[in-house]
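Novice: Generate coordinates for the sequence data below:
(chains A and B)
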Amino acid sequence: DATQGTSTDCEACPCPGSSTCAVVPKTREVVCTNCPIGTTGRRCELCDDGYFGDPLGRNGSARACRACACNNNIDPNAVGNCDRQTGECLKCIYNTGGFYCDRCKQGFFGNPLATNPSEKCQPCNCLSYGTVNSETTCSQVTGQCECLPHVTKRDCSACEPGYYNLYSGQGCKRCDCSAIGSTN
Amino acid sequence: PRPGVHPLPPGTHLLFAQSGKIDYVPLEGHNMKKNDAKTVLHLPDKVVIAVAYDCVDKMVYWTDITGPSISRALLSGGEPISVIQTDIESPEGIAVDYLGRNLFWTDSMLDKIEVSKLDGSQRRVLFDTDLVNPRAIVTDPVKGHIYWTDWNREAPKIETAYMDGTNRRIIVKTDLALPNGLTYDPYSLLLCWVDAGTQRVECMNPNQTGRRKVLEGIQYPFGITSYGKNLYYTDWRRDAVISVERTVGKELDAFLPQKRSRLYGITTAYSQCPPGQNYCTVN
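Specialist: Numbers count the residues shown, from 1 in each chain, chains lettered A, B, ... in the order given. Okay, the predicted model is just below:
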């Protein structure tokens, strides 16, 4: 407050580097107005949208703000792609998920880190008649659905040889054909 | 002035968002008075995406994706007042119907377009289908229309509907990529948009066929607003507000705030409401 007329009226901005600051008229709060690139907040303690870190080390060691690290599985045109402090990716695309968009989301399998988006995560498409508890999710890596007894194939869509009645929803039953009357 | 021709109000400002704050720059004629730019609201721990202005109560409305929430404050200064803070995930577009006293917004995580009264009451979902990345939304209060963009990379589009949610239809879907910003000018009756994929500013009269390229080869536009013969857009690569003469298709000026970071939504804060009334104001 430069109007008091004492030598201590003006104080240095409590901001990193030579960043400028302003006093919010209503609250008398001091806010840094020109934080370094990628940082923001009252005291430049936060990262801008699209960046993450802890520039002043308020929760542990200081981490400079850097761009969201989401394995190219975010869209640069989106906003709020990662948590500004932890870096947790919030808007994974191409059916990916996980903290760094580094896994296939539930119900999908494949290689989330493949370069070509069409080779990333595919839907499990489990046949629910053939899966345990009619589950539609599969192993995120192999894509294998969890099949009922004597049900086979990645998507649990067929009976093992010599078994039938896939659509019973209780696994496949043995054919029980008479060895004498059948061809093999 | 000729009947039907209304002079633009003086004392008009541009309002725009830059993560932790909302700034304004006054307009003198059509020129940005860059030296008189100021911060209207410091919101240091927020990421403000969209801004809208109510010319009746002279309040600014904004969306924040960190809350996430929608809030408002008097332009003359005053504490932010929360309007919406539940069932909201990534609000990226906001529009005020100053005649009907309604608020419209888009949410790109919920994939919805919603409406409420300006204080957040009487909230209702207008649309929750066929939306992938809804972003900008604007109103034509006189005709009771809303317009919005969806930057879905598979099928980007600009849509319109009546404010009650009826008569929804797509009005632009070709030669479109990332339509981030949209503006409706009540004086020229033109709907204009910026596209970060085609890198163009384009305009159309929504009641007619045909559209016009205003400017090509721009960098990374995000928001756009109109005032008289000019358009003003924000750009993520230039960290600037850029003025464009709509009729000539020429860049006029650029304002770079002192803080170098992305600029988001932008709107025109008219000193008085544009002329006109609608069914609701007379009934």
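
Novice: Contact residues of the stretch 51-200 of chain B facing chain A?
Specialist: Residues of the stretch 51-200 of chain B found near chain A (CB under 8 Å from any CB of the partner chain) are B:65-66, B:77-79, B:90, B:92, B:108-109, B:133, B:151, B:153, B:178, B:180, B:196. (Glycine included, C-beta is placed from N, CA and C.)

Novice: What is the nearest of those residues to chain A?
Specialist: Closest approach to chain A among these (CB to the nearest CB): B:I65, at 4.3 Å.

Novice: Out of the residues of the stretch 51-200 of chain B next to chain A, which two sit at the greatest distance?
Specialist: B:G77 and B:R153 (40.9 Å; CB to CB).

Novice: re earlier: just the ones in strands from the residues of the stretch 51-200 of chain B next to chain A, please.
Specialist: Among these, the members found in strands (DSSP state E) are B:92, B:180.

Novice: what residues are up against A:A78?
Specialist: By CB atoms under 8 Å, 6 or more residues apart in numbering or on different chains, the contact list for A:A78 reads A:91, B:108, B:133.

Novice: what do you get if the cut-off is 10 Å, keeping everything else the same?
Specialist: By CB atoms under 10 Å, 6 or more residues apart in numbering or on different chains, A:A78 lies in contact with A:49-50, A:68, A:90-91, A:93, B:90, B:92, B:108-109, B:133, B:135, B:151.

Novice: Show only the entries of the residues you listed found in helices.
Specialist: Among those, no residue falls in helices (DSSP state H).

Novice: between those, which is nearest B:N207?
Specialist: Nearest to B:N207 among these, with distances taken as CB to CB, is B:R135, at 23.3 Å.

Novice: residues in contact with that closest one?
Specialist: A:77-79, B:49-50, B:90, B:92-93, B:106, B:108, B:148-152, B:178-182, B:222-223, B:265.

Novice: Briefly note if the helix-or-strand element of chain A with minimal mean pLDDT comes near chain B.
Specialist: One helix or strand of chain A scores below all others by mean pLDDT, DSSP states H and E: strand A:21-23, with a mean of 84. Yes. For strand A:21-23, a contact with chain B is found by CB under 10 Å from any CB of the partner chain, at A:22-23.

Novice: Parallel or antiparallel, list what pairs with that strand.
Specialist: strand A:30-32 (antiparallel) (DSSP bridges).

Novice: and chain A, what are its domains?
Specialist: With domains defined by automatic domain parsing, chain A comprises A:65-123, A:124-184.

Novice: Lowest average pLDDT across those?
Specialist: For those, mean pLDDT drops lowest on domain A:124-184, to a mean of 90.

Novice: ok, back up a step: list the contacts of the least confident helix or strand of chain A.
Specialist: A:1, A:11-15, A:29-35, A:42-44, B:21, B:38-39, B:42.

Novice: Point out the most buried one among the domains of chain A.
Specialist: domain A:65-123 (a mean of 19; mean count of other CB atoms under 10 Å in any protein chain shown).

Novice: now the strands: where do they sit in chain A?
Specialist: According to DSSP E, chain A carries its strands in the segments A:21-23, A:30-32, A:39-40, A:46-47, A:51-54, A:63-67, A:96-97, A:103-104, A:108-110, A:121-123, A:151-152, A:158-159, A:163-164, A:173-174.

Novice: Next, see if the third one gets close to chain B.
Specialist: Right, strand A:39-40. Yes. Contact of strand A:39-40 with chain B (CB under 10 Å from any CB) involves A:39-40.

Novice: and that strand, what does it pack onto?
Specialist: Counting contacts by 3 or more CB pairs under 10 Å, 6 or more residues apart in numbering or on different chains; DSSP states H and E, strand A:39-40 packs against strand A:46-47, strand A:51-54, strand A:63-67.

Novice: Of the ones you listed, which is nearest chain B?
Specialist: Of all these, it is strand A:46-47 that lies closest to chain B, at 6.2 Å by CB to the nearest CB.

Novice: That closest one pairs with which strands?
Specialist: Strand A:46-47 has these strand partners (DSSP bridges): strand A:39-40 (antiparallel).

Novice: pLDDT of the strand it pairs with, averaged?
Specialist: Averaging pLDDT along strand A:39-40 yields 92.

Novice: centre of the chain versus that strand, how much separation?
Specialist: Distance of strand A:39-40 from the chain centroid (CA atoms, centre = their mean, to the nearest Å) equals 23 Å.

Novice: Provide the contact partners of that strand at residue level.
Specialist: Applying CB under 10 Å, 6+ apart, the contact partners of strand A:39-40 are A:15-16, A:19, A:32, A:45-49, A:51, A:53, A:55-56, A:64-65, A:84, B:18-21, B:44-47, B:259, B:261.

Novice: nearest residue to A:D54 other than its sequence neighbours?
Specialist: If the residues on either side of it in the chain are set aside, A:D54 comes closest to A:R63, at 4.8 Å by CB to CB, 6 or more residues apart in numbering or on different chains.

Novice: who are the neighbours in contact with the one you found?
Specialist: Contacts of A:R63 (CB under 10 Å, 6+ apart): A:47, A:52-57, A:85, A:87.

Novice: Quick check: PyMOL command selecting the buried ones in those residues.
Specialist: Per 16 or more other CB atoms under 10 Å in any protein chain shown, the buried members of the contacts of A:R63 correspond to this PyMOL selection:
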select buried, chain A and resi 47+52+53+54+55+85+87
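
Novice: Closest to B:Q85 out of the contacts of A:R63?
Specialist: Among the contacts of A:R63, A:Q85 lies closest to B:Q85 (CB to CB), at 20.4 Å.

Novice: wait, isn't the closest one in contact with A:L46?
Specialist: Yes. Counting by CB atoms under 10 Å, A:L46 is a contact partner of A:Q85 at 7.6 Å.

Novice: what sits in contact with each of these two?
Specialist: Going by CB under 10 Å, 6+ apart, residues that sit against A:Q85 and also against A:L46 are A:52-54, A:58, A:65.

Novice: A:D176: which of those is nearest?
Specialist: A:F52 (61.8 Å).

Novice: May I have the predicted confidence score for that closest one?
Specialist: At A:F52, pLDDT is 96.

Novice: In this structure it contacts A:G80, no?
Specialist: No. Between A:F52 and A:G80 there is no contact under CB under 10 Å: 11.4 Å.

Novice: Quick one: mean pLDDT over the host helix or strand of B:A73.
Specialist: Using DSSP states H and E, B:A73 falls within strand B:69-74. Averaged over strand B:69-74, pLDDT sits at 96.

Novice: closest one to A:T136 among the helices and strands packed on strand A:39-40?
Specialist: strand A:51-54 (33.3 Å).
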